[in-house]
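Undergrad: I need the structure of the sequence given here:
(chains A and B)
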Amino acid sequence: MPKLCVLCSTERAVLKRPKTAQQICRTCFYQVFETEIHNTILDAKLFARGDRVAIAASGGKDSTVLAHVMTTLNERYDYGLDLCLLSVDEGITGYRDDSLETVKRNETQYRIPLKIVSYEELYGWSMDAIVKEIGMKNNCTFCGVFRRQALDRGAALLKVDHIVTGHNADDIAETVLMNIFRGDISRLQRCTAIRTATDETIPRSKPFKYTYEKEIVMYAYFKKLDYFSTECIYSPNAYRGYARAFLKDLEAIRPSAIMDIIHSGEAWQSKTEVKINAVGKDGKVTVGTCERCGYMSSQKMCKACVLLEGLNSGLPKVAIGNSSKYRQSGQSGGRPSKRDKNMAKADLQDAPPATLSPDPDASNAVPTPADDCPVQATNAVELSPSSPSPRSKAAAAPPLAKHLRCRKCRTILVPASSLTSHEQGSGQQAFGYRKRDPALEIATTCSAFHVSEADVDWIDGVADGSKNEDKISCPNAKCGTKLGAWSWAGRSFWKIVTCAAPAGTDH
Amino acid sequence: MPRPQTQGEGGPNIIDALLYKFRLALMRGAPLSDGANVLVAVSGGPSSCCLLEVMKRFHAIDPANPRKPRKFGKVIVCYVDPSAVLGYPETAGQIAEAAAAADFQCVTVTLESMFLNADESDPGVVNVDGPSTEATLVKSATSSLSPNERLQQCFQSLGTATAKEDMIDLLTNKAILRAARRAGCTLVLRGDTSTRMAVNTVAQTSKGLGFAMPTEMAERPTWPADIEVVRPLRDLSAKQIAIFNRTAKVETFVTPGVTTGMPAKASIDRLTEAFVVGLVKDFPMTVNTVLRTAMKVRTGCEEKETPRCTFCDGPMQEDSQDWRTKHTVTQLQPTSEQDANPPAASVLCYGCQNLCRDRKGALMLPGYILPH
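TA: Below you'll find the model as predicted:
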């Protein structure tokens, strides 16, 4: 005796609905699935009649189902919407080019126009080129920041009134949890909003806000929708991992948990809206416009322009962080060294001495204790290269001198030209086999910087000669980071390394 | 108040540091309740036994200045006895002994007494029945069952461990408040540690109780109006409590709960606890971050005109039932015939509705949740 659908009681139940654990038939599933989305759209008053709406389509399951459901509902309930598909081509070979084929097929299947905007044409960089430049790590930062803008720019080209994206209930619940764990109260208040809108940007909304990911997959499966299913080849996807695993476990215990989390999140939603160029209130973010491209931005320059400038000067700053310092120093523009805002993260330990352009007189000369001061750098110090890379597309900046800088505040410590090098001794190998002490054979390469006294007289105790060795802190009074240790080379080399090397440095 | 030095673990400074933090949190939570009678809720677990020990030291007469008035009037220890559903009836006696050792009066309230009115008259029972999505409340003014049998029946019809734990928590909270009112206490101290509060925050969120978060998290809750509930151990982690208990040789009486010894996926509370504790291993600031975030959210649940759930007395969101039926469609056509019985959604909050949805068959609840 087959089980009958609990909703219509006529047909055989073929699936157990993930959201309610009801056993229902295929037609009833389609109906409840579409009705919920219809309710969401009506409830939030997302569209007005005659709106031109762009569906952000990636070719994945969410956006394919979104395109299908939007066309179906538009016909069934006569929303009177003018739909179109909008795709962003990040330029990832083996991932996006394949999924774009899917979107192109969708264009013909649903008979709605498709517009593809590519990173290449908007920014002059494809993701493949970016990854070539900065490596496999942190490239999602670029992709995410660029995609957000690319969608808006594509929408502006298409002259649409609204963008809909395929974010589902799982995504939103996960974001709520993540914002709790990260302590991001302002995002926590915003993240459950169905519609992100400011006065001057095109509103964006998530009709799938209450739709479970599992149901979207089921819908696509039963409707035999044509979608592309693969992970981005550059995405390790580890960041959301914690919250995602927890959410899936919660869903297994109580299927309504995802909806419950969204319900909680909605109770925390702040009622005041974010306005462009408004004054911040109660910890709310103020939104201004980027002075370069005019896109909305909380800083003087939008994140995409900051990242792009880094790419174009050949020295990408890979992490999103507090970059206001760099920008302000760039504004002043008086000191050329401070204008160099995108630093490569070259550790001194990694930099071979030959590249540091040592003083020709001092090269190949073993420094004598009297005039050279080996400075053991921890990772707080770094060399900042200055000349733009060959890839540079920006206006050529005047060549800058290399310096040792404090890694934290970028204060110049020592010009690289005054660094001297020496021929490294053979360490314990210099002794006879029986006299060697294996415990001392730790330092194989000298990682100390050898500088003359005049260049480091800012170090406490160097100028007045009161000390022979000590720790170094950044001379910038506001920073004061520990940089490492110094010693007149009256001590044998290994001791300096072992005393000063921070825990975790492999020596 | 001089801040004590903490040097090394295990020394007496651990004890002083903990007492200092306890006192700070207490003064922040109850700055005005000098001379008030205090009810200390003790379950027998590590943190509540720690709270008992700390209260003993706090309430003791200052040997240097015996005429100095003590902050509180009477201190009463309250134990809510869940032995009707969980077993272990001996814990009540052990806690009474511990309270006597601290020279405090002890009251024991049984969980099943929550099926009676505050004046011990019989309110009858309310059965939650009907399909899980459209549950209705059926009241019968009298019932031949004893309170104990009612509790048993209520418990048996709860299908999941999550719902069982929630039911015990809910009844325990109500019992503590009732005991405080009966004993004339205006201040209730609870032994929630920061770890426990962070776990609760995430668990409550996952159960859809975000609306009530400000009441749960406030240092000086404005609700309930007649009793202040303060958590003076909120600045201390479970680990600090464990070290204190070991150093000060505090005896604890652990009663296994519904999910004790079960895998992490047994219930939402259990899973959240495992998750948060695991996260703390990698990111030690997780607990503080979660708490600070939870304390910042505002929902307007503390306003006077917010309706209250008649079962848990928590704040009720007006349109939550509407929200649920719209976004989780479980029927093709809305049922048109009007039932004579009131729907559960009319008097119960979102969380209690979730609790009722986890039942198999009819769920028996105390009669007072339906007035008149």
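Undergrad: was I right about A:Phe29 contacting A:Ile216?
TA: No: here A:Phe29 does not reach A:Ile216: they are 11.8 Å apart, not a contact under CB atoms under 8 Å. In this view, the C-beta of every residue, glycine as well, is placed from N, C-alpha and C.
Undergrad: Between the two, which is the more surrounded one?
TA: A:Ile216 (27 against 21; other CB atoms under 10 Å in any protein chain shown).
Undergrad: which ones are touching the more buried one?
TA: Contact analysis of A:Ile216 by CB atoms under 8 Å, 6 or more residues apart in numbering or on different chains lists A:61-62, A:65, A:168, A:208.
Undergrad: Now it: closest residue in space, sequence neighbours ignored.
TA: In space, and not counting its chain neighbours, A:Ile216 is closest to A:Val65: 5.0 Å by CB to CB, 6 or more residues apart in numbering or on different chains.
Undergrad: Regarding chain B, what is its longest helix?
TA: Once chain B is assigned using DSSP state H, the helix that runs over the most residues is helix B:161-183.
Undergrad: Buried ones in it, by neighbour count?
TA: For helix B:161-183, the neighbour count (16 or more other CB atoms under 10 Å in any protein chain shown) marks B:161-168, B:170-181 as buried.
Undergrad: In terms of pLDDT, where does the residue of the stretch 101-250 of chain B found nearest chain A sit?
TA: Here the stretch 101-250 of chain B gets closest to chain A at one residue, B:Gly210, 2.5 Å apart by CB to the nearest CB. Reading off the confidence values, B:Gly210 has pLDDT 91.
Undergrad: cool, and A:Thr141?
TA: pLDDT for A:Thr141: 79.
Undergrad: Which stretches in the stretch 201-350 of chain B count as strands?
TA: When assigned using DSSP state E, counting those that start in this stretch, the strands of the stretch 201-350 of chain B occupy the ranges B:228-230.
Undergrad: low pLDDT regions in it?
TA: B:334-339 (pLDDT under 70).
Undergrad: picking up where we left off before, specify which member of the contacts of A:Ile216 is nearest to chain B.
TA: Proximity to chain B was ranked across the contacts of A:Ile216 by CB to the nearest CB; first place goes to A:Phe208, at 11.2 Å.
Undergrad: The closest one - nearest residue in space that isn't next to it in sequence?
TA: Leaving out its chain neighbours, A:Phe208 is closest to A:Asn168 (CB to CB, 6+ apart), at 4.5 Å.
Undergrad: For A:Thr72, what are phi and psi?
TA: In terms of degrees, to the nearest 10, the main-chain angles of A:Thr72 are phi -60, psi -50.
Undergrad: Tell me which residues touch it, please.
TA: With contacts defined as CB under 8 Å, 6+ apart, A:Thr72 is in contact with A:Glu34.
Undergrad: Just the helices from chain B, written as ranges.
TA: In chain order, chain B shows helices spanning B:12-29, B:46-59, B:83-86, B:90-101, B:147-156, B:161-183, B:194-206, B:213-217, B:238-247, B:268-282, B:286-296, B:320-327, B:350-357, with DSSP H as the criterion.
Undergrad: Could you list the buried residues of the second one?
TA: Along helix B:46-59, the positions that meet the burial threshold by neighbour count (16+ other CB under 10 Å) are B:46-56, B:58-59.
Undergrad: Which two among those are spaced furthest apart?
TA: Taking every pair in those and measuring CB to CB, the maximum separation is 20.3 Å, between B:Pro46 and B:His59.
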